[in-house]
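>>> I would like to see how this sequence folds:
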Amino acid sequence: MPMLSNAQPVALEEPAEAANKTQAEKIGFSRGSFILAPIPFQNPVLGSGVAIGGAYLFKDTLGADTSALGLAYFRTENGSEGYGLGFDLNFGLTGWQSTLLLGDMTLDYDLFVGGTPVRVRQSGTGAKLKFARDLSETLSLGAGISYLRSDLAAGRGAILPPSLQPDTDLELAKISASTSYDTRDNTDYPTDGRLATAQLSYGHLLNARGRDYWKTVGSFAEYRPLFDLGVLAWTATGCAATDDAPFFDACSFGGTDSFRGYGATEFIDTALLSTQIEYRGRLGGRFGYVVFAGAGATGDRLSSVLDDGLRGAVGLGARIRLSKSFPVDYAIDLSRNSDGESLVYVYVGQRF
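Here you go, the predicted structure:
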């Protein structure tokens, strides 16, 4: 489900103003906020299900990004299930951020091969650790390392095609370097500013001799106030991977870019370009809505990614604020794509 950023604490303020901000933001670990609940969700790939999760949100210092400690378990109607735990810590005074994720899951879904859905069952156990350091109030650099053990088998009544045989049993180690330029006023619910990110990663298959790959992903997002309590947001994403990338770490339309309108396992290739635009409105304290549209394409090279034309989608959604202290929303979105299909998304947070 769809939350690294770089805002520094404000150093020069009048004492009364600083005190008011501190009280409003509830600074310090002991003044954080719990989110704990069974949360229904809907995903085009896995179907409907329930996630039972909890998170403790807090701010380390005045002006710092939100830190989170969390754990979750989910299960869907088709038997997919998994759990995860981790933290995302942002230390405002030092400029360091650290993220740790641990997870284990078994997923049952349709993977499209040559336009034909193939039922598969994938099990995976993995861990990811990332550190980032602010170089200024807006610029940061990061590095990460991750490990994944993935097993892929044919689902009930299906046969794996030859193109998927190399990805049936993989042990993957990956390192990455990233950079971020961030002027957003808030990382949970930005109303103004820009975010540009770029990541270059190198993956090595530990149990497949001579198989390694490179992948790069870049994105840009902008947020602007519009009308009373409204925000106009848009984003663009580009992705390129070398041929030996396993399907689950290639460029996925709906996965890599969080695009709404197509399942994340329907269009997967070694190159992707997409863009989305969204208007976010509020109907008072707890409730809000969104109206969105987007388009994108995948291909074997960035230079030819548009050769087969664009795929698009439009939609609308509702938002329900989950915390009084932090602007985190429960999201329900309905999309309609250019192929005439309607998909429902239910999740926590903003799509971008």
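>>> quick one: low-confidence ranges for the protein?
1-25 (pLDDT under 70).
>>> Could I get the full set of helices for it?
Using DSSP state H, the helices of the chain run over residues 15-25.
>>> correct me, but Thr125 touches Arg149?
Yes. Between Thr125 and Arg149 there is a contact at 5.0 Å, judged by C-beta atoms under 8 Å. Any C-beta I mention is one placed from the backbone N, CA and C, and that applies to glycine too.
>>> mind listing what Leu141 touches?
When contacts are counted by C-beta atoms under 8 Å, 6 or more residues apart in numbering, Leu141 touches 132-133, 135, 177-179.
>>> With Arg75 instead?
Applying C-beta under 8 Å, 6+ apart, we find Arg75 in contact with 49-50, 81.
>>> Could you tell me how far it is located from Gly49?
Relative to Gly49, Arg75 is positioned 6 Å away (criterion: C-beta to C-beta, to the nearest Å).
>>> Can you give me the neighbour number for the residue lying closest to Thr76 once chain neighbours are set aside?
Nearest non-adjacent residue to Thr76, counting by C-beta to C-beta, 6 or more residues apart in numbering: Gly49, 3.3 Å away. When neighbours are defined as other C-beta atoms under 10 Å, Gly49 has 19 of them.
>>> And Leu46, by the same measure?
Using other C-beta under 10 Å as the criterion, Leu46 is surrounded by 24 other residues.
>>> same deal with Leu232?
Here the number of neighbours of Leu232 (other C-beta under 10 Å) works out to 15.
>>> Phi and psi next, for the residue lying closest to it once chain neighbours are set aside.
In space, not counting the residues next to it along the chain, Leu232 is nearest to Leu226; the distance is 4.3 Å by C-beta to C-beta, 6+ apart. Here is the backbone geometry of Leu226 (degrees, to the nearest 10): phi -150, psi 130.
>>> Leu226 reaches Glu278, doesn't it?
No. Checked against C-beta under 8 Å, the pair Leu226 and Glu278 is beyond contact range at 11.0 Å.
>>> Give the intersection of the neighbour lists for the two.
Shared contacts of Leu226 and Glu278, defined by C-beta under 8 Å, 6+ apart, comprise Leu232.
>>> Please say which of those two ends up with more neighbours.
Counting neighbours by other C-beta under 10 Å for Leu226 and for Glu278 shows that Glu278 has the greater number, 23 against 14.
>>> Dig out what the residue nearest to the more buried one when sequence neighbours are not counted forms beta bridges with.
Counting by C-beta to C-beta, 6+ apart, Glu278 lies nearest to Phe292, which is 4.0 Å off, once chain neighbours are set aside. Using DSSP bridges, the beta-bridge partners of Phe292 come out as Glu278, Gly315.
>>> give the contact list for Phe292.
So Phe292 contacts 260, 276-279, 314-317, 333, 335, 351 (C-beta under 8 Å, 6+ apart).
>>> same thing with Tyr73?
Taking C-beta under 8 Å, 6+ apart as the definition of contact, the neighbours of Tyr73 are 51-53, 81-83.
>>> Can you tell me who it pairs with across the strands?
Legend: beta-bridge partners of Tyr73 under DSSP bridges are Ile52, Tyr83.
>>> Kindly report the same for Leu139.
Note on Leu139: beta-bridge partners by DSSP bridges are Tyr181.
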